[in-house]
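# compute the structure for the input listed below.
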Amino acid sequence: MYLNKAFLYGNLTRDPELKALPSGQQLASFGLATNRTYKDKNGQKQEATEFHNIVAFGRPAEIIAQYMKKGRPLYVEGRIQTRSWDSEGQKKYRTEIVVENFQFGDGGRGGASGAPAGTQAEQSSPKDSEEIQYPDEEINPEDIPF
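Below is the predicted model:
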């Protein structure tokens with residue numbers, strides 16, 4: 001049995017870009033940054049940031065593009081995929097995480113720990129300007145990707 005699975009929790013590095021494929025299916029692409037804290041050989045605390053290219057298709061792409069923006073936290077599960085193409089005679093490569101499942105983060109209200117929503121003992125209420133605007137139409141539970 002083979003396994004190709006990635007689990008990431010980080011902040012969006014840019015607003016999701018929503019496109020329609022020739023087939024009509026929606027595609028959202030965006031960047032996600034994850035941080036790692038460690039101690040170097042001298043015992044000094046260091047922080048390293050990794051940047052990931054993320055793509056989502058279909059209804060998850062639409063939902064992410066609608067509700068997420070740069071700086072917001074997002075949990076992503078997916079598979080690692082590398083694409084290649086020729087550009088000006090050179091072979092180019094791009095490694096991406098293809099979203100299979102996702103969950104919105106805590107919106108930064110739970111403190112600076114970067115922990116998933118609900119793990120903080122106390123969370124402050126959202127500011128009026130940050131409040132999520134839900135759609136007026138009725139949502140079918142079968143359309144929700146998680």
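
# okay, CA-based contacts and neighbour counts for the rest of this
OK.

# and D15, that's in a helix?
No. D15 is assigned coil when assessed by DSSP: H, G, I helix; E, B strand; the rest coil, not a helix.

# what is the neighbour count of it?
19 (other CA atoms under 10 Å).

# please tell me I have it right and it contacts M68.
Yes. If you go by CA atoms under 8 Å, D15 and M68 touch, sitting 7.1 Å apart.

# low-confidence ranges in this structure?
By pLDDT under 70, the weakly predicted segments of the chain are 107-141, 143-146.

# again, only this time at 90
Within the chain, the ranges that satisfy pLDDT under 90 run 105-146.

# show me where it has its helices.
58-67 (DSSP state H).

# which residue is most remote from the mean position of it?
Distance from the centre of the chain peaks at N42, with 33.7 Å (CA atoms, centre = their mean).

# may I have the phi/psi pair for that one?
phi -90, psi 0 (degrees, to the nearest 10).

# count the residues that sit near the nearest residue to G58 once chain neighbours are set aside.
Once flanking residues are discounted, G58 sits nearest to Q26: 4.9 Å by CA to CA, 6 or more residues apart in numbering. The criterion is other CA under 10 Å. On that basis, Q26 has 17 neighbouring residues.

# bridged to Q26, which residues?
A20 (DSSP bridges).

# ok, it touching P16?
No. Q26 is not in contact with P16 according to CA under 8 Å; the separation is 12.0 Å.

# neighbours of Q46, how many?
That count, for Q46 with other CA under 10 Å as the rule, works out to 10.

# tell me the contacts of it?
By CA atoms under 8 Å, 6 or more residues apart in numbering, the contact list for Q46 reads T37, Y38, K39, D40.

# could you redo the last one with a cut-off of 10 Å?
R36, T37, Y38, K39, D40 (CA atoms under 10 Å, 6 or more residues apart in numbering).
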